[in-house]
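[1] I'd like to go over a predicted model; first the sequence, then the structure.
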Amino acid sequence: MMQAQGELGSLQQSMLVQRENVRIFGIENFMYRQYRSKLQKSRDAFLRFVKAYSFQLPLGGVMGVLPQLFLFGGGGWLVSRNRISLPDLLSYIVLAEPFSAFLVNMFSSFQSMRSAFAGARRLMEIWELPEERTGGAAFEIDDGAALVWI
């Protein structure tokens with residue numbers, strides 16, 4: 001999505017900066033078609049992003065409410081059967097709250113991890129680039145006109 005938006009922004013900038021050239025060479029229609037293509041690509045990328053992550057919010061909400069429903073429903077049933085007392089049930093629910101909060105935040109944590117892995121992968125690519133040569137010999141081409149390192 002970011003790449004498509006970057007391409008669109010770059011095209012917009014070049015269209016603004018070089019508008020005289022576009023008019024002189026009569027390529028307005030070409031630039032317009034290119035702009036529409038980039039705009040469509042950016043829109044499609046955004047829609048793919050929305051579709052990919054639209055399930056996370058409802059699923060995270062269900063995952064957060066499900067343990068509480070289970071605790072209240074199952075615990076209420078156990079209290080009605082006199083297997084546990086009501087204060088025991090309430091204390092258990094209070095102690096179980098951090099675990100259900102973890103389930104609610106799990107999906108945003110996964111997204112943060114994916115972003116971190118993408119950044120780490122890019123760093124690894126940069127670290128694996130070959131090193132630049134150092135310690136080359138210098139010589140002058142024409143009495144100090146240019147200095148070239150080999």
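    Yes, it's here. Just so it is clear, the structure is predicted and the values come from calculations on it, not from any experiment. Residues are numbered from 1 along each chain as shown.
[2] Could you pull out the helices in the protein for me?
    In the chain, the helices defined using DSSP state H lie at 2-17, 19-25, 28-53, 56-80, 86-127.
[3] can I get these in CSV with distance to Thr134, mean pLDDT and mean neighbour count?
    Any C-beta I mention is one placed from the backbone N, CA and C, and that applies to glycine too. Shown next, in CSV, are the helices of the chain (distance: least, CB to CB, whole Å; pLDDT from 0 to 100; neighbours: other CB atoms under 10 Å):
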stretch, distance to Thr134, mean pLDDT, mean neighbour count
helix 2-17, 33, 74, 13
helix 19-25, 42, 77, 11
helix 28-53, 41, 82, 13
helix 56-80, 48, 78, 13
helix 86-127, 17, 80, 11
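[4] middle-most residue in this structure, spatially?
    The chain has Ser115 as the residue nearest its centroid, 5.5 Å off, counting by CA atoms, centre = their mean.
[5] Now do that one against Pro98, distance only.
    Note on Ser115: its distance to Pro98, by CB to CB, to the nearest Å, is 25 Å.
[6] likewise Glu20?
    From Glu20 across to Pro98, the span is 64 Å (CB to CB).
[7] Equivalent analysis for Ile27, please.
    Distance from Ile27 to Pro98, by CB to CB: 62 Å.
[8] again with Glu132
    Using CB to CB, Glu132 is found at 51 Å from Pro98.
[9] What of Phe49?
    According to CB to CB, Phe49 and Pro98 sit 31 Å apart.
[10] Over to Gly119?
    Remark: distance between Gly119 and Pro98 (CB to CB) = 29 Å.
[11] same thing with Phe30?
    For Phe30 relative to Pro98 (CB to CB), the value is 60 Å.
[12] can you check Ser80 too?
    Between Ser80 and Pro98 the distance is 27 Å, computed by CB to CB.
[13] Kindly report the same for Arg48.
    Taking CB to CB, one finds Arg48 at 35 Å from Pro98.
[14] Kindly report the same for Met124.
    35 Å.
[15] just Glu125 next, same as before
    Counting by CB to CB, the separation of Glu125 from Pro98 is 38 Å.
[16] cool, Arg83 as well?
    Counting by CB to CB - Arg83 and Pro98 are separated by 25 Å.
[17] do Ala45 as well
    37 Å.
[18] Next: Ala4.
    Distance from Ala4 to Pro98, by CB to CB: 40 Å.
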